[in-house]
Every structure is written in structure tokens, then in C-alpha cells.
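Trainee: Sequence plus the predicted model coming up.
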Amino acid sequence: PYMLFVGGLLQIIVGIFQVLRNNIYGAIAFLGFGSFWFSNGTITVLRTYFAVDGSVAADELLDVPDPAGTFVRILFILAFSCVLLKQTLVMNKLSTTLITLLCIKLAFQSFSEWFDSARYGQLVFGWATSLFAFYVFTAEFTNAVYHREVFRVHKWCEKTSPEEVFGAVGRQGTLFSKAARLRRASYPIRYKVRAARDAMDQAGKAD
């Protein structure tokens, strides 16, 4: 349940809101990792509640070592994280450090089915990533509430880097931009039209 709702559903919801805010980086990161957590949570639920001993599901889900499959799956997530890492180089050093720790953790995890030392590395960098992620959350949340940089995010460029830790604006002309322009558009309202007509009538009478 924690994987499905805290790791999966919550990140999917956050990712959708990032789309509405035109935060392309936050949308990709949260939607991507939310989907990964949903997948892990689904596997755990199937193993726990639906894999009965002696059934076909049990043969597929329980105690079947698949180091090659694990390697390919984690390698895909690692490639996704490396793409995110590249984008942080124009954002801030907090996000760069966090994604770097995550990439190292995933690199160890991809070989964890073959080497015990890789499992140890996965454990160490997994804890390091979690602790640093909590610090990044604290910094982002506090800065947003106080409307100033209480915790430094160490921007790569003070002039061009975004204010948010996980913020990067997408291209112009997106759905968000069009919706924002529509909301800001000034449409004729009845009382304004009536007031304009009254003003014109009064000007005509004065002439």
C-alpha cells in the first residue's frame, strides 16, 4: 500500500499539478518515478496476496531469481535518471547532488543480484539518497512558505537558474500557456458594454 499510494499515487498527482504549472522538469520526474513506484507496488501486492503456493502465479512471482531481468529493469530507470541529471546542470546544485546519489544507488542496484558488494553499495547510497532527499524537501517547502531563500539551493547560474529546486519551465505555446492567456483575456462584459453605450449617448446629447 505504501508503494502504491505514497510512492506511486502521490507522485502522479504532484506530476499532474506540475504539468498545470508548466514545470516540465517536475512533471517528467514525478510522473516517471510515480509510475515506477506503481509497478513495484503492484508486484508486491501480487506476491503477497495472489501468489498461492503451487499455482502458476507463484511460480512466476515467488522466489524466482532473475538477475538479467533485474539488471535490464534497473538499467532503464538509471538511464531515465541520467537524463534528469543532465537537466539539473542548468538548475541548482541541490538537485544535481540528489540525482547523482540516486544514479549511483541505481548503478549498484543493477548488479545487486550478482554481487554482495553491490548490495552493500545499494544500501549505503540508498540511505544517503533518502536522507538528502528529505533535506531537499525541507529546503523547497520552507523557501516556498517564507517566499525567500531560507535554505540555499546553490543555483548554477544566479541569473538564469529557476528559483525552485525541481523547477524548469517548458516551451511556450503549451496547453498551460494557452489556458493562462485565456484566463487573462479581457472579454466584453454586459455592464461594461452598457456603460460604454451610456457614455456614448451622453456625449451625443452634449453635442
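Mentor: Received it, and whenever you're ready, just let me know what you need.
Trainee: rest of the way, CA atoms for contacts and neighbours
Mentor: Noted.
Trainee: just the helices in this structure please.
Mentor: With DSSP state H, the ranges of helices along the chain come out as 10-20, 24-45, 56-61, 67-88, 93-110, 116-146, 175-184, 190-206.
Trainee: Please work out which of those helices is packed deepest.
Mentor: Mean neighbours per residue, mean count of other Cα atoms under 10 Å, is largest over these for helix 93-110, with a mean of 21.
Trainee: neighbouring contacts of that helix?
Mentor: 70-72, 74-75, 77-78, 81-82, 84-85, 88-89, 118-119, 121-123, 125-126, 128-129, 132-133, 136, 153-156, 165-166 (Cα atoms under 8 Å, 6 or more residues apart in numbering).
Trainee: Let me see the contact set for Val150.
Mentor: Contact analysis of Val150 by Cα under 8 Å, 6+ apart lists Ala139, Thr142, Asn143.
Trainee: how does it look with 7 Å?
Mentor: Thr142, Asn143 (Cα atoms under 7 Å, 6 or more residues apart in numbering).
Trainee: Could you check how far it is from Lys86?
Mentor: 26 Å (Cα to Cα, to the nearest Å).
Trainee: again, but for Gly26
Mentor: For Gly26 relative to Lys86 (Cα to Cα), the value is 14 Å.
Trainee: Go ahead and flag the most central residue of this protein.
Mentor: Nearest to the mean C-alpha position of the chain, by Cα atoms, centre = their mean, lies Phe30 at 2.1 Å.
Trainee: hang on, isn't it packed against Ile13?
Mentor: No: at 8.4 Å, Phe30 and Ile13 do not qualify as touching, with contact defined as Cα atoms under 7 Å.
Trainee: so where's the protein shaky on pLDDT?
Mentor: Within the chain, the segments meeting pLDDT under 70 span 1-3, 50-65, 171-197, 199-200, 203-207.
Trainee: how far away is Cys82 from Arg152?
Mentor: Taking Cα to Cα, one finds Cys82 at 24 Å from Arg152.
Trainee: likewise Arg119?
Mentor: Taking Cα to Cα, one finds Arg119 at 33 Å from Arg152.
Trainee: Leaving out the residues flanking it, which one is nearest to Arg119?
Mentor: Ser112 (4.8 Å; Cα to Cα, 6 or more residues apart in numbering).
Trainee: Got the phi and psi for that neighbour?
Mentor: Main-chain dihedrals, Ser112, degrees, to the nearest 10: phi -70, psi -20.
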